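J.: Next input, structure requested:
(one chain, ligands or ions: 2)
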Amino acid sequence: MKNRLIRISPSILCIDYNDDIVLKLALDKIEQSGAHMVHLDVMDGKFVPNKTFDHKLVDKIKDMTSLMLDVHLMVENPHGMISDYAKAGADLITVHYEAYENTDKLEDSLKLIKSKNVLAGVAINPKTPALKLKDLLKTGLVDVVTVMGVNPGASGQTIIPGSAEKVAEIREMDKRVYIQIDGGVTLKNVSILRRMGANIIVSSKAIFEAKNMKKAIKTLKGGGFINRIFEDI
Ligand code: DX5
Ligand code: ZN
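T.: Ligands and ions are numbered 1, 2, ... in the order given. Now for the predicted structure:
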(Lines give C-alpha, C1' and ligand atoms only; values in the text may rest on other atoms or scores of the structure.)
(Ligands and ions follow the chains in the order given, each with its own letter.)
Protein backbone atom coordinates (compact mmCIF):
# COMPACT_ATOMS: atom_id res chain seq x y z
CA MET A 1 0.00 0.00 0.00
CA LYS A 2 2.69 2.48 -0.95
CA ASN A 3 2.16 5.84 -2.58
CA ARG A 4 -1.38 6.44 -1.46
CA LEU A 5 -2.38 10.09 -1.23
CA ILE A 6 -2.20 11.18 2.39
CA ARG A 7 -4.67 13.71 3.78
CA ILE A 8 -3.91 15.83 6.84
CA SER A 9 -6.70 16.84 9.19
CA PRO A 10 -5.55 19.07 12.08
CA SER A 11 -7.82 18.99 15.12
CA ILE A 12 -8.61 22.35 16.70
CA LEU A 13 -9.16 20.67 20.08
CA CYS A 14 -5.97 22.05 21.62
CA ILE A 15 -6.54 25.69 20.60
CA ASP A 16 -8.92 28.25 22.09
CA TYR A 17 -11.64 27.69 19.47
CA ASN A 18 -14.09 29.92 21.35
CA ASP A 19 -11.98 32.94 20.49
CA ASP A 20 -12.93 33.94 16.93
CA ILE A 21 -9.60 35.60 16.24
CA VAL A 22 -7.56 32.63 17.46
CA LEU A 23 -9.81 30.31 15.46
CA LYS A 24 -9.56 32.28 12.20
CA LEU A 25 -5.77 32.57 12.52
CA ALA A 26 -5.48 28.84 13.18
CA LEU A 27 -7.67 27.93 10.20
CA ASP A 28 -5.68 30.19 7.87
CA LYS A 29 -2.41 28.88 9.20
CA ILE A 30 -3.23 25.18 8.77
CA GLU A 31 -4.53 25.86 5.26
CA GLN A 32 -1.38 27.76 4.31
CA SER A 33 0.73 25.01 5.85
CA GLY A 34 -0.73 22.35 3.56
CA ALA A 35 -3.59 20.75 5.54
CA HIS A 36 -6.55 19.40 3.58
CA MET A 37 -9.26 19.34 6.22
CA VAL A 38 -10.02 20.58 9.69
CA HIS A 39 -10.96 17.95 12.28
CA LEU A 40 -13.79 19.04 14.57
CA ASP A 41 -14.17 17.06 17.81
CA VAL A 42 -17.75 17.22 19.03
CA MET A 43 -18.08 15.93 22.61
CA ASP A 44 -21.32 15.82 24.60
CA GLY A 45 -20.01 15.19 28.13
CA LYS A 46 -21.78 11.79 28.12
CA PHE A 47 -20.16 9.54 25.52
CA VAL A 48 -16.89 11.07 26.74
CA PRO A 49 -16.43 13.06 29.98
CA ASN A 50 -15.54 16.34 28.27
CA LYS A 51 -17.88 18.70 26.47
CA THR A 52 -16.77 20.81 23.51
CA PHE A 53 -19.03 22.41 20.89
CA ASP A 54 -21.97 21.65 18.64
CA HIS A 55 -23.10 22.32 15.07
CA LYS A 56 -23.21 26.09 15.62
CA LEU A 57 -19.42 26.24 15.72
CA VAL A 58 -19.23 24.06 12.60
CA ASP A 59 -21.59 26.51 10.91
CA LYS A 60 -19.30 29.39 11.85
CA ILE A 61 -16.17 27.57 10.69
CA LYS A 62 -17.77 26.86 7.31
CA ASP A 63 -17.79 30.62 6.70
CA MET A 64 -14.19 30.99 7.84
CA THR A 65 -12.38 28.45 5.66
CA SER A 66 -12.48 26.49 2.44
CA LEU A 67 -10.89 23.43 4.08
CA MET A 68 -12.99 20.27 4.15
CA LEU A 69 -14.86 19.94 7.44
CA ASP A 70 -14.20 16.61 9.15
CA VAL A 71 -16.71 16.23 11.98
CA HIS A 72 -15.98 13.60 14.64
CA LEU A 73 -19.08 12.98 16.75
CA MET A 74 -18.18 11.70 20.22
CA VAL A 75 -21.77 11.74 21.41
CA GLU A 76 -24.26 9.26 22.86
CA ASN A 77 -27.01 9.58 20.27
CA PRO A 78 -25.49 10.72 17.00
CA HIS A 79 -28.36 9.76 14.68
CA GLY A 80 -30.57 12.73 15.51
CA MET A 81 -27.71 15.20 15.05
CA ILE A 82 -26.59 14.15 11.58
CA SER A 83 -28.89 16.53 9.72
CA ASP A 84 -27.70 19.53 11.75
CA TYR A 85 -24.05 18.81 10.93
CA ALA A 86 -24.78 18.16 7.26
CA LYS A 87 -26.65 21.47 7.12
CA ALA A 88 -23.75 23.21 8.87
CA GLY A 89 -21.52 22.17 5.99
CA ALA A 90 -19.73 19.00 7.13
CA ASP A 91 -17.93 17.15 4.33
CA LEU A 92 -17.27 14.06 6.46
CA ILE A 93 -19.34 12.95 9.46
CA THR A 94 -17.92 10.21 11.66
CA VAL A 95 -19.99 8.38 14.25
CA HIS A 96 -18.69 5.95 16.87
CA TYR A 97 -19.32 2.21 16.55
CA GLU A 98 -19.65 2.11 20.35
CA ALA A 99 -22.52 4.62 20.33
CA TYR A 100 -24.63 1.95 18.60
CA GLU A 101 -23.64 -1.11 20.61
CA ASN A 102 -27.17 -1.72 21.88
CA THR A 103 -28.92 -0.86 18.63
CA ASP A 104 -28.76 -1.93 15.01
CA LYS A 105 -29.08 1.63 13.75
CA LEU A 106 -25.49 2.21 12.66
CA GLU A 107 -26.24 1.36 9.04
CA ASP A 108 -29.24 3.71 9.11
CA SER A 109 -27.00 6.54 10.29
CA LEU A 110 -24.45 5.86 7.55
CA LYS A 111 -27.24 5.83 4.96
CA LEU A 112 -28.57 9.11 6.33
CA ILE A 113 -25.12 10.73 6.16
CA LYS A 114 -24.63 9.57 2.57
CA SER A 115 -28.11 10.74 1.58
CA LYS A 116 -26.90 14.26 2.45
CA ASN A 117 -23.96 13.90 0.05
CA VAL A 118 -21.55 13.77 2.96
CA LEU A 119 -18.81 11.17 3.42
CA ALA A 120 -19.67 8.63 6.13
CA GLY A 121 -17.16 7.58 8.77
CA VAL A 122 -17.15 5.03 11.59
CA ALA A 123 -14.75 5.40 14.51
CA ILE A 124 -13.60 2.57 16.78
CA ASN A 125 -12.20 3.00 20.27
CA PRO A 126 -8.95 1.28 21.28
CA LYS A 127 -10.90 -1.49 23.06
CA THR A 128 -13.05 -2.34 20.01
CA PRO A 129 -11.48 -5.03 17.80
CA ALA A 130 -11.10 -4.27 14.08
CA LEU A 131 -12.99 -7.50 13.28
CA LYS A 132 -16.23 -5.92 14.53
CA LEU A 133 -16.27 -3.87 11.31
CA LYS A 134 -15.85 -6.79 8.95
CA ASP A 135 -19.49 -7.18 7.89
CA LEU A 136 -20.15 -3.47 7.90
CA LEU A 137 -17.27 -2.83 5.50
CA LYS A 138 -18.82 -5.29 3.04
CA THR A 139 -21.95 -3.10 2.80
CA GLY A 140 -19.98 -0.34 1.05
CA LEU A 141 -21.60 2.23 3.33
CA VAL A 142 -18.35 3.24 5.02
CA ASP A 143 -16.14 5.83 3.33
CA VAL A 144 -13.79 6.32 6.28
CA VAL A 145 -12.78 4.16 9.24
CA THR A 146 -11.34 6.17 12.12
CA VAL A 147 -8.99 4.13 14.27
CA MET A 148 -8.74 5.85 17.64
CA GLY A 149 -5.15 5.79 18.84
CA VAL A 150 -6.26 6.92 22.32
CA ASN A 151 -9.40 6.73 24.41
CA PRO A 152 -11.46 9.59 23.01
CA GLY A 153 -11.94 12.77 25.00
CA ALA A 154 -8.72 14.77 25.07
CA SER A 155 -5.77 15.95 23.04
CA GLY A 156 -2.16 15.28 24.00
CA GLN A 157 -2.43 11.61 25.06
CA THR A 158 0.10 8.91 24.14
CA ILE A 159 -0.87 6.47 21.42
CA ILE A 160 -2.02 3.06 22.70
CA PRO A 161 0.19 0.16 21.57
CA GLY A 162 -1.49 -1.96 18.92
CA SER A 163 -3.01 1.00 17.06
CA ALA A 164 -0.78 0.56 13.99
CA GLU A 165 -1.60 -3.16 13.90
CA LYS A 166 -5.28 -2.29 14.02
CA VAL A 167 -4.83 0.02 11.03
CA ALA A 168 -3.17 -2.88 9.19
CA GLU A 169 -6.07 -5.22 10.04
CA ILE A 170 -8.60 -2.79 8.61
CA ARG A 171 -6.47 -2.29 5.51
CA GLU A 172 -6.31 -6.05 5.06
CA MET A 173 -10.13 -6.21 5.19
CA ASP A 174 -10.70 -3.27 2.83
CA LYS A 175 -8.22 -1.88 0.32
CA ARG A 176 -10.51 0.95 -0.75
CA VAL A 177 -11.73 2.58 2.45
CA TYR A 178 -9.99 5.66 3.81
CA ILE A 179 -8.38 4.92 7.17
CA GLN A 180 -8.11 7.83 9.53
CA ILE A 181 -5.86 7.61 12.58
CA ASP A 182 -6.90 9.90 15.42
CA GLY A 183 -5.16 10.50 18.74
CA GLY A 184 -1.56 10.30 19.83
CA VAL A 185 -0.05 10.78 16.38
CA THR A 186 3.48 12.21 16.49
CA LEU A 187 6.07 13.15 13.91
CA LYS A 188 7.85 9.93 14.91
CA ASN A 189 5.08 7.33 14.92
CA VAL A 190 3.31 8.63 11.81
CA SER A 191 5.44 6.72 9.30
CA ILE A 192 4.51 3.29 10.70
CA LEU A 193 0.85 4.33 10.77
CA ARG A 194 1.04 5.37 7.11
CA ARG A 195 2.87 2.19 6.17
CA MET A 196 0.15 0.09 7.79
CA GLY A 197 -2.43 1.84 5.64
CA ALA A 198 -3.58 5.04 7.34
CA ASN A 199 -4.25 7.77 4.79
CA ILE A 200 -6.02 10.48 6.78
CA ILE A 201 -3.83 11.73 9.60
CA VAL A 202 -5.50 13.64 12.44
CA SER A 203 -3.37 15.54 14.88
CA SER A 204 -3.83 18.37 17.30
CA LYS A 205 -0.71 18.59 19.43
CA ALA A 206 1.88 17.55 16.84
CA ILE A 207 0.57 20.29 14.52
CA PHE A 208 -0.40 23.18 16.78
CA GLU A 209 2.55 22.79 19.12
CA ALA A 210 5.10 22.37 16.33
CA LYS A 211 7.78 25.04 16.05
CA ASN A 212 7.32 24.98 12.29
CA MET A 213 3.79 23.97 11.30
CA LYS A 214 4.52 23.66 7.60
CA LYS A 215 7.40 21.31 8.26
CA ALA A 216 5.33 19.27 10.72
CA ILE A 217 2.52 18.83 8.18
CA LYS A 218 5.05 17.85 5.53
CA THR A 219 6.45 15.20 7.86
CA LEU A 220 2.96 13.90 8.64
CA LYS A 221 2.24 13.62 4.90
CA GLY A 222 5.46 11.76 4.20
CA GLY A 223 7.36 11.82 0.97
CA GLY A 224 5.12 9.52 -1.09
CA PHE A 225 5.36 9.84 -4.85
CA ILE A 226 1.63 10.45 -5.43
CA ASN A 227 1.58 12.96 -2.59
CA ARG A 228 4.27 15.02 -4.27
CA ILE A 229 2.60 14.91 -7.69
CA PHE A 230 -0.77 16.02 -6.37
CA GLU A 231 0.58 18.42 -3.78
CA ASP A 232 -0.75 21.52 -5.51
CA ILE A 233 -4.09 20.19 -6.70
C1 DX5 B 1 -9.41 12.78 20.90
C2 DX5 B 1 -9.82 13.51 19.66
C3 DX5 B 1 -8.67 13.83 18.79
C4 DX5 B 1 -7.67 14.76 19.43
C5 DX5 B 1 -6.30 14.38 18.95
O6 DX5 B 1 -10.51 12.32 21.58
O7 DX5 B 1 -10.73 12.73 18.91
O8 DX5 B 1 -9.09 14.30 17.53
O9 DX5 B 1 -7.91 16.10 19.14
O10 DX5 B 1 -5.36 15.12 19.66
P11 DX5 B 1 -3.82 14.73 19.65
O12 DX5 B 1 -3.38 14.68 18.22
O13 DX5 B 1 -3.18 15.83 20.42
O14 DX5 B 1 -3.70 13.38 20.31
ZN1 ZN C 1 -11.14 13.34 16.82
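
J.: sec struct for whichever residue of the chain sits closest to ligand 2, please.
T.: Residue of the chain nearest ligand 2, by CB to the ion: H72 (3.8 Å). Where C-beta positions appear, they are placed from N, C-alpha and C, glycine not excepted. Put simply, H72 is strand when judged by DSSP: H, G, I helix; E, B strand; the rest coil.

J.: thinking it is in contact with T146, fair?
T.: Yes - between H72 and T146 there is a contact under CB atoms under 8 Å: 6.9 Å.

J.: higher neighbour count, the two?
T.: Of the pair H72 and T146, T146 is the one with more neighbours under other CB atoms under 10 Å, namely 29 against 26.

J.: Give the bridge partners for the more buried one, please.
T.: Beta bridges link T146 to A123, Q180 when assigned by DSSP bridges.

J.: Check what pLDDT it gets.
T.: You'll see T146 listed with a pLDDT of 99.

J.: ok, now D104?
T.: On the pLDDT scale, D104 gets 77.

J.: now K2
T.: In this model, K2 carries a pLDDT of 43.

J.: again, but for I233
T.: 38.

J.: got it, and P152?
T.: At P152, pLDDT is 98.

J.: got the contact list for it?
T.: By CB atoms under 8 Å, 6 or more residues apart in numbering, the contact set of P152 is 43, 47-48, 74, 96, 123, 125, 183.

J.: go on, A168?
T.: For A168, the contact set (CB under 8 Å, 6+ apart) comprises 196-197.

J.: I'd like the numbering to begin with 36 instead of 1 from here.
T.: Let's use 36 as the start, then, which means that last one is A203.

J.: Confirm that it sits in a helix.
T.: Yes - according to three-state DSSP, A203 belongs to a helix.

J.: how close does it get to G197?
T.: According to CB to CB, to the nearest Å, A203 and G197 sit 10 Å apart.

J.: ditto for L147
T.: Distance from L147 to G197, by CB to CB: 32 Å.

J.: Phi first, then psi, for D94.
T.: Main-chain dihedrals, D94, degrees, to the nearest 10: phi -60, psi -50.

J.: Same check on K95?
T.: phi -70, psi -40.

J.: which neighbours do H107 and T181 share?
T.: In contact with both H107 and T181: 129, 156, 158, 217, 237, using CB under 8 Å, 6+ apart.

J.: Just the buried residues from these, in PyMOL please.
T.: Per 16 or more other CB atoms under 10 Å, the buried members of the shared contacts of H107 and T181 correspond to this PyMOL selection:
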select buried, resi 129+156+158+217+237
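
J.: Among the shared contacts of H107 and T181, which ones are in strands?
T.: The strands, defined by DSSP state E, take in 129, 156, 158, 217, 237 from these.

J.: Report pLDDT for the third one.
T.: Among the per-residue scores, A158 holds a pLDDT of 98.

J.: cool, and the fourth one?
T.: Model confidence at D217, expressed as pLDDT, equals 98.

J.: Quick one: residues contacting it.
T.: Neighbour list for D217: 46, 74, 107, 158, 181-184, 237 [criterion: CB under 8 Å, 6+ apart].
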